[in-house]
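> show me how the following folds:
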Amino acid sequence: MKVHVLCPASSVTGGPEALHQLVYAGQRLGYDMAMLYLPEDDPDPTPAVFRMYQPRVVKEIVDSPDSVVVVPETGTLQLLELKHATRALWWLSVEHYFSRAEALRRGAARSPLDFVFDPRFEIVHLAQSEYARQWVAARGPSALMLTDFIRDEILDRSRALRGGARQNIVAYNPKKGLAFTQQLMAASPPEVQWVAIENMSPAEVAQLLGRAKVYVDFGPHPGRDRIPREAALCGCVVITNTQGSAGNAVDVPLPEGYKFDERHPLTVPLVMQRIAEAMADHATHAQRLAPYVQWIEDQRRLFTEEVFTFLATVEARQRARLRDGLPA
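I've put the predicted structure just below:
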């Protein structure tokens with residue numbers, strides 16, 4: 001069985017890294033895995049930071065009954081080009097699909113992307129988060145869990161920073177939930193410093209998270225976002241809202257009292273109270289997040305198991321169809 005994974009060329013965001021992790025894990029499990037970058041004419045499509053995954057690169061898809069083609073939700077239309085291969089759609093972000101589907105709909109009753117929920121296409125659905133799995137299930141199909149993991153480079157760096165000296169810093173991502181974060185900043189005492197994660201190298205982000213006592217994230221959570229996990233690994237007390245994947249205890253399993261619904265009128269003072277407590281006694285609050293940190297560190301093992309389940313399931317289906325004389 002050949003498995004081809006389609007990936008945006010030269011992109012270093014979380015989704016493309018997950019795609020590289022899939023190829024890497026499948027290769028280590030003994031499967032014939034390959035990466036196909038789009039656009040195909042990019043002379044150097046593998047970002048330097050992802051070369052550690054050592055993807056085998058191909059230039060074209062093998063569309064045969066014993067092939068599998070995996071695309072992220074941003075590449076759904078490419079599944080329509082396949083005639084024989086097993087189609088697999090990996091929901092790395094529900095919001096990316098939804099915004100693209102709305103753009104393509106242009107006033108029509110249905111989007112051209114709605115075919116992915118048609119059982120006649122027999123698409124294998126994969127979910128990077130429980131949030132995505134539930135979203136897909138509400139539209140009919142069931143999805144296999146296929147998450148991701150924090151790579152060793154970040155894990156090792158975070159462990160080294162976790163026990164360092166802390167300052168009264170709250171770190172935040174200005175690209176997510178800035179309007180509500182600004183409300184928190186306006187209610188914050190002067191001794192608390194708010195530092196935006198922007199215009200920083202990965203090492204500089206880690207250094208900040210290794211000094212900060214708190215990381216807040218009140219933006220949308222389209223999947224299992226990386227920065228909250230990295231912040232916890234670095235020893236920050238993580239505080240989020242309840243949007244998207246943060247709305248369940250599977251994707252963001254923070255202990256009770258570290259998630260807040262920003263729509264509630266008392267949320268700002270409640271969050272500021274939690275921040276004040278974390279500033280005064282960081283060690284106690286960081287210890288409460290120890291199960292969350294352990295869960296993050298265990299994700300690589302769980303991801304490998306998920307990859308095996310996915311590939312073994314597809315392989316068994318292909319064999320059964322071949323045995324029964326059915327088209328793949």
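
> hang on, isn't Ala278 packed against Val216?
No: counting by C-beta atoms under 8 Å, Ala278 does not reach Val216; the two are 10.4 Å apart. No exception for glycine: its C-beta is placed from N, CA and C like everyone else's.

> with neighbour numbers in mind, choose between the two.
Of the pair Ala278 and Val216, Val216 is the one with more neighbours under other C-beta atoms under 10 Å, namely 29 against 24.

> now for the helix or strand encompassing the more buried one, which elements pack on it?
Take DSSP states H and E as the rule and Val216 turns out to sit in strand 214-217. Where contact means 3 or more C-beta pairs under 8 Å, 6 or more residues apart in numbering; DSSP states H and E, strand 214-217 is packed against strand 169-172, helix 226-233, strand 237-240, helix 267-280.

> and the next element down the chain from the first one?
Sequence order places helix 178-186 as the next helix or strand after strand 169-172, per DSSP H and E.

> run the angle between that next one and helix 267-280 for me.
For helix 178-186 against helix 267-280, the angle by axes from the mean of the first three to the mean of the last three C-alpha atoms, to 10 degrees is 60 degrees.

> and the next helix or strand after helix 178-186, average pLDDT?
Going down the chain from helix 178-186, the next helix or strand is strand 193-196, by DSSP H and E. Mean pLDDT, strand 193-196: 98.

> parallel or antiparallel, which strands does strand 193-196 pair with?
When pairing is defined by DSSP bridges, strand 193-196 lines up against strand 169-172 (parallel).

> okay, stretch 236-248 in CSV with CA atoms only?
Output of stretch 236-248 as CSV, limited to C-alpha atoms (Å, rounded to 0.1, in the frame of the first residue of the first chain):
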residue,chain,number,x,y,z
CYS,A,236,3.6,28.6,32.5
VAL,A,237,0.2,28.5,34.1
VAL,A,238,-2.1,28.3,31.1
ILE,A,239,-5.4,30.0,31.1
THR,A,240,-7.8,29.8,28.1
ASN,A,241,-11.4,30.5,27.1
THR,A,242,-13.9,27.8,26.0
GLN,A,243,-14.0,28.3,22.3
GLY,A,244,-13.4,25.6,19.7
SER,A,245,-11.2,22.8,21.0
ALA,A,246,-10.8,24.5,24.3
GLY,A,247,-14.5,23.8,25.0
ASN,A,248,-13.9,20.2,25.8
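
> pLDDT averaged over it - what is it?
96.

> Trp135: neighbour count?
Counted with other C-beta under 10 Å, residues neighbouring Trp135 total 18.

> per-residue confidence at Asp41?
On the pLDDT scale, Asp41 gets 78.

> low-confidence regions, the stretch 1-150 of the chain specifically.
For the stretch 1-150 of the chain, the stretches with pLDDT under 70 are 96-112.

> need the contact list for the residue nearest to Glu277 when sequence neighbours are not counted.
Excluding its sequence neighbours, the residue lying closest to Glu277 (C-beta to C-beta, 6 or more residues apart in numbering) is His285, at 6.6 Å. By C-beta atoms under 8 Å, 6 or more residues apart in numbering, His285 lies in contact with 237, 277-278.
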